[in-house]
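A.B. asks: no sequence for this one, just the structure:
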């Protein structure tokens, strides 16, 4: 996906959340706003030191995270850095795939955001051997 796409905020749910090991390197200083948010219809799974999001239609399934809105002048650099970090490839074969999704802020406001989901190989592995984080919150695993 190119940097010319809509400058959406990012829904972050793991190491990119405030206090996470990747936040300082990739988002700190680039954000105009960070607020609590929830992604409905998805499940959080344990990975090797980081989580994966998977679509999940189980009633009540959701992921707790943050909606990070990057300043316009920092957006292209942040998008490139996050795609690189998440091994998000244009052909969809990376460790993660980036999708435009609806999330809900803590105040109930619906927002469109970029969400990094497990890529095809990781998704297939987790569908076969789930590593579900029941709370849906990486910070409370």
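C.D. replies: Received the coordinates, thanks. Since this is a predicted model, take the numbers as computed values, not measurements.

A.B. asks: Quick check: buried residues in the one helix or strand residue 35 maps to?
C.D. replies: Secondary-structure element containing residue 35, defined by DSSP states H and E: strand 31-40. Of the residues in strand 31-40, 31, 34, 37, 38, 39 count as buried by neighbour count, 16 or more other Cβ atoms under 10 Å. Just so you know, the C-beta spots here come from the backbone N, C-alpha and C atoms, and that holds for glycine as well.

A.B. asks: Test my guess that the first one contacts residue 70.
C.D. replies: Yes - using Cβ atoms under 8 Å, residue 31 is in contact with residue 70, at 5.7 Å.

A.B. asks: gap between the residue lying closest to residue 26 once chain neighbours are set aside and residue 125?
C.D. replies: Nearest residue to residue 26, sequence neighbours excluded (Cβ to Cβ, 6 or more residues apart in numbering): residue 81, at 5.1 Å. Taking Cβ to Cβ, to the nearest Å as the measure, residue 81 falls 26 Å from residue 125.
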